[in-house]
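Undergrad: The sequence and its predicted three-dimensional model are supplied below.
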Amino acid sequence: MERQTFASGGKTAVLYPAAQAGSPLIVLCEYEGDGEPVVRALQEMGAPACSLLVTGGGEWNRDMSPWAAPAVFKGGEPFTGGADGFLTVLLGQILPEARERIGSVPAFTGLAGYSLAGLFALYALCRCDAFDRAASVSGSLWFPGFTEYVLTHEPCRRPEMLYFSLGDRESRTANPVLRTAERCMTDIASHYAGQGIPVIREMNPGNHFRDAALRTAKGIRALLETV
């Protein structure tokens, strides 16, 4: 993929456009970096072609959190609930710029994210109709009040499919909030599956911090391979 870096809406974005016109467009929100490890993992696993737009960074606990919530780690930063603001910038400036650079209409547009960005990926479905598919990879679905929000708010567009994954040791923690990670994922995935939406659930070996790029690539591959 030919890498292009551009600034839009006060954010830095990196675009890896597909060679073939009309390829799917996947938006990946990242905490830091340019997404290169994910691109390599996608290539190594032979995933179908796509244009990959990587953005994020900045104030992670602000931009990826749907509403304010206290810190869950000792000495950690609280969440300040700026996801709506980030989504406005993504939809109004970053995504249009990426589409103009690609120069063709994508077969579909997906949204993927790891950790808190995996939470944002699902939240965005309830706030806009811009995304056809979403992948919540080791998503922070334990976020206070989020399960209840999902159960009471329909997506603005019925997703074509959803992907969920978690490390098999992520819920094995003394932290009472993080300990609910697997239960929250199960409840949310089951809710969507019960509506007839195709849902893929996957457990990966290890804790939250193991193989992040590989897990993310597996989620994106699932979005691309599902017919």
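TA: Received, thanks.
Undergrad: Leaving out chain neighbours, which residue sits closest to Gly206?
TA: With Cβ to Cβ, 6 or more residues apart in numbering as the measure, Gly167 is the residue that lies nearest to Gly206, at 4.8 Å, once sequence neighbours are left out. Bear in mind the C-beta positions are built from the backbone N, C-alpha and C, glycine included.
Undergrad: So Leu111, which state does it fall into?
TA: strand (DSSP: H, G, I helix; E, B strand; the rest coil).
Undergrad: count of residues packed around it?
TA: Neighbours of Leu111 under the rule other Cβ atoms under 10 Å: 29.
Undergrad: Tell me the spacing between it and Phe209.
TA: 22 Å (Cβ to Cβ, to the nearest Å).
Undergrad: Could you say which helix or strand holds Ala134?
TA: strand 133-137 (DSSP states H and E).
Undergrad: Give me the contact list for whichever helix or strand comes after that strand.
TA: Note on strand 133-137: by DSSP H and E, the next helix or strand toward the C-terminus is helix 146-152. Helix 146-152 has contacts (Cβ atoms under 8 Å, 6 or more residues apart in numbering) with Pro66, Leu119, Leu122, Tyr123, Cys126, Leu141, Cys184, Asp187, Ile188, His191.
Undergrad: how about a cut-off of 10 Å?
TA: By Cβ atoms under 10 Å, 6 or more residues apart in numbering, the residues outside helix 146-152 that reach it are 65-67, 69, 119, 122-123, 125-126, 139-141, 143, 180, 183-189, 191-192.
Undergrad: Show me which positions of the helix or strand just after that helix end up buried.
TA: Using DSSP H and E, the helix or strand that follows helix 146-152 in sequence is strand 161-167. Under the neighbour-count criterion of 16 or more other Cβ atoms under 10 Å, strand 161-167 has Met161, Leu162, Tyr163, Phe164, Ser165, Leu166, Gly167 buried.
Undergrad: One more: stretch 72-90?
TA: Val72, Phe79, Gly81, Gly82, Ala83, Phe86, Leu87, Val89, Leu90.
Undergrad: Now the two most distant members of those residues.
TA: Val72 and Val89 (25.7 Å; Cβ to Cβ).
Undergrad: residue ranges with poor pLDDT in the chain?
TA: Residues of the chain that meet the criterion pLDDT under 70 lie in 1.
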